[in-house]
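**Student:** What follows is a predicted structure for the sequence shown.
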Amino acid sequence: MAACFCCFRCCWESAGGFNHVPLKELPTVQLDTGHMGTDVVIVKSCRRICGTGAALANAPIVQDKAYFEIKVQSTGIWGVGLATRKSNLNSVPLGLDKDSWVLRSDGTVFHDGEMIHKLTQYVEEGDVIGVSYDHIEMKFYRNGAQLPCTVTGIRGTVFPVFYVDESAILDTQFSQFYHTAPEGFEGIMFEQSLL
């Protein structure tokens, strides 16, 4: 019997053999070490941000409905939201220019130097903040519950953005969320043409 398989293998290999097609590993959405402030530290497989400054994710939001989360591991000054690549990642807090829209650790939402919302609920250490974006509205969630804050008028190619200062530590989550994403929303995907 073994001789039969040996013969089959020899015949098969001489005819071209097994044409294995190597599988391409799909890229992972994570913090982008190429687009971060000079004093930012990114660790834990590009999922944790600490130090001082901001970092973008490595994928823009191109799909119709995207969702991502942060977990506040240590309080301090921090922010989460969306930004274009033109935003200054060395200057915190973000939201002072026309290229960033962020929820800040003090419960305010800023864009272009203006406070556009003020939350009455405070975010504490251990809380999970979710962000949904459908190219019309950006909404925030605290521990799975939607916050009374909707941001509109976001323009351009935007990326998830995160900033920290004064000992804040944030863990990012782009899949396998702590809380269920809102209906119809899912983790950020890379554009098919990039694969």
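**Tutor:** Yep, it's here.
**Student:** For the one helix or strand Val164 maps to, name the packing helices and strands.
**Tutor:** Val164 belongs to strand 159-165 when assigned by DSSP states H and E. Helices and strands touching strand 159-165, by 3 or more CB pairs under 8 Å, 6 or more residues apart in numbering; DSSP states H and E, are strand 31-36, strand 48-51, strand 53-57, strand 77-83, strand 100-104, strand 169-173. In this view, the C-beta of every residue, glycine as well, is placed from N, C-alpha and C.
**Student:** in this structure, which ranges drop under the pLDDT threshold?
**Tutor:** Applying pLDDT under 70 to the chain flags the ranges 1-24, 192-195.
**Student:** Ok, which of the helices and strands packed on strand 159-165 comes nearest Glu124?
**Tutor:** Using CB to CB as the criterion, the shortest distance between Glu124 and these is 12.0 Å, found for strand 77-83.
**Student:** How about the contacts made by the nearest residue to Pro148 once chain neighbours are set aside?
**Tutor:** Distance criterion CB to CB, 6 or more residues apart in numbering; nearest residue to Pro148, sequence neighbours excluded, is Leu119 at 7.3 Å. The neighbours of Leu119, taking CB atoms under 8 Å, 6 or more residues apart in numbering as the test, are 103, 107-109, 147-149.
**Student:** Return the members of these classed as buried.
**Tutor:** Restricting the contacts of Leu119 to buried positions leaves 103, 108-109, 147, 149, with burial counted as 16 or more other CB atoms under 10 Å.
**Student:** Any figure for the gap between the residue nearest to Pro148 and Asp97?
**Tutor:** Computed with CB to CB, to the nearest Å, the distance linking Leu119 and Asp97 is 22 Å.
**Student:** again, but for Glu191
**Tutor:** In this structure, Glu191 and Asp97 are 25 Å apart, going by CB to CB.
**Student:** and what of Leu56?
**Tutor:** 14 Å.
**Student:** Between those two, point out the one with more neighbours.
**Tutor:** Neighbours per residue (other CB atoms under 10 Å) separate Leu56 from Asp97, with Leu56 holding more: 22 against 16.
**Student:** Wait, Asp134 touches Lys65, no?
**Tutor:** Yes - with contacts defined as CB atoms under 8 Å, Asp134 counts as touching Lys65 at a distance of 4.8 Å.
**Student:** Run through the helices of this structure in chain order.
**Tutor:** Ranges of helices within the chain are 2-14, based on DSSP state H.
**Student:** Kindly reformat the helices and strands packed on strand 159-165 as CSV containing distance to Ile42.
**Tutor:** Conversion of the helices and strands packed on strand 159-165 to CSV gives the following (distance: least, CB to CB, whole Å):
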stretch, distance to Ile42
strand 31-36, 5
strand 48-51, 6
strand 53-57, 6
strand 77-83, 14
strand 100-104, 18
strand 169-173, 10
